[in-house]
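Enquirer: the following comprises the amino acid sequence and a computationally predicted model.
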Amino acid sequence: KYGLRKGDAVVGAIRQPRAGEQPGRQKYNALVKIDSINGQTAEQSLARAAFDAAVPMRPTAALGLSGVVAGLGKGARALLVGEAGKTGIVAQIAEQIGAAQPESHLMVILVAPRPEEVTDFRRSVKGEVVVSGLEQTAEDHVTVIDLAVERAKRLVELGIDVVVVIDALTGLGRAHAALAPRVSADDPSVALPVRRLFASARAVEEGASLTIVATASERTAIDRLVASELRSTANAVVQLA
């Protein structure tokens with residue numbers, strides 16, 4: 001009826017528990033009235049184009065960044081590979097993006113970060129910080145990251161440039177591997193969902209872009225497999241010392 005898509009931000013009224021009904025019996029209360037979808041009316045939302053139907057273009061408009069990501073364009077897929085210092089570099093990149101691209105929507109996704117790192121990012125980043133914490137399950141990691149990237153796609157459909165910074169995409173690969181225990185660490189299918197998510201980044205002919213800057217580790221066999229698959233999808237790879 002409303003053409004809702006995963007990642008839509010919906011504002012509306014929910015059904016209140018009936019007399020005698022146990023509160024919290026359902027995980028979510030039913031939505032009985034929709035006021036807006038991504039800040040638009042339901043009618044406007046129905047008329048929007050689909051992200052997957054947009055025409056992908058090469059990233060040409062520069063983000064205006066310096067350092068290891070100098071020259072990166074809007075819609076790029078940038079991969080930072082290494083072990084030490086990745087999170088610090090991610091923080092620097094996020095700060096640069098916030099300063100250089102105030103009109104873009106910045107989203108930082110942290111996969112199993114240390115608690116103090118979450119505090120640092122929330123205090124320094126001029127944008128949205130999405131956290132899938134150390135205490136969360138592999139299924140939670142997959143759900144949180146997938147929903148965040150789908151949210152980014154919905155913003156691109158509205159004509160907004162979005163930059164998503166993920167630390168680290170190999171953490172998502174481990175989560176998928178944990179959910180498929182019978183799959184061996186050298187089976188490329190483990191990396192397929194991660195590669196598909198990374199490949200979402202693009203500039204579109206209709207005038208907006210989704211940029212993804214992601215880190216990757218090569219610590220374990222699964223990490224190396226995922227990093228290798230991501231390298232083949234990236235249009236910018238930085239090997240960190």
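Expert: Yes, it's here.

Enquirer: just give me the neighbour total for residue 65.
Expert: By the criterion of other CB atoms under 10 Å, residue 65 has 21 neighbours. All C-beta spots, glycine's among them, are computed from the backbone N, C-alpha and C.

Enquirer: helix or strand: which one has the residue found closest to it once you drop the neighbours it is linked to in the chain?
Expert: Nearest non-adjacent residue to residue 65, counting by CB to CB, 6 or more residues apart in numbering: residue 96, 5.0 Å away. Assigned by DSSP states H and E, residue 96 belongs to helix 86-100.

Enquirer: element containing the residue positioned nearest the centre of the chain?
Expert: In the chain, the centroid-proximal residue (CA atoms, centre = their mean) is residue 149; its distance is 3.4 Å. Here residue 149 is covered by helix 138-157, with elements defined by DSSP H and E.

Enquirer: and the angle for the helix or strand just after that helix with helix 138-157?
Expert: Under the assignment DSSP H and E, the closest C-terminal helix or strand after helix 138-157 is strand 162-167. Using axes from the mean of the first three to the mean of the last three CA atoms, to 10 degrees, the direction of strand 162-167 lies 160 degrees away from that of helix 138-157.

Enquirer: mind listing what's buried in strand 162-167?
Expert: Across strand 162-167, burial judged by 16 or more other CB atoms under 10 Å covers 162-167.

Enquirer: outline the domain layout of the protein.
Expert: As recorded under automatic domain parsing, the domains making up the chain are 10-47, 56-239.

Enquirer: first-to-last residue distance for the shortest one?
Expert: Right, the one you point to is domain 10-47. 16 Å (CA to CA, to the nearest Å).

Enquirer: need phi/psi at the nearest residue to residue 45 once chain neighbours are set aside.
Expert: Leaving aside its sequence neighbours, residue 45 sits nearest to residue 37 (CB to CB, 6+ apart; 4.0 Å). When read as degrees, to the nearest 10, the backbone of residue 37 gives phi -130, psi 110.

Enquirer: next, count neighbours for residue 37.
Expert: Residue 37 has 23 neighbouring residues, counting by other CB under 10 Å.

Enquirer: again, but for residue 127
Expert: 20.

Enquirer: and for residue 57?
Expert: Under the neighbour criterion other CB under 10 Å, residue 57 is assigned a count of 16.

Enquirer: what residues are up against it?
Expert: Residues counted as contacts of residue 57 (CB atoms under 8 Å, 6 or more residues apart in numbering) are 75, 202-205.

Enquirer: top of those residues by neighbour count?
Expert: Most neighbours among those, by other CB under 10 Å: residue 75, with 26 neighbours.

Enquirer: report the beta-bridge partners for residue 79.
Expert: Per DSSP bridges, the residues bridged to residue 79 are residue 214, residue 237.

Enquirer: so it touches residue 239, yeah?
Expert: No: in this structure, residue 79 is not within contact of residue 239 by CB atoms under 8 Å, at 9.4 Å.

Enquirer: cool, thanks, signing off.
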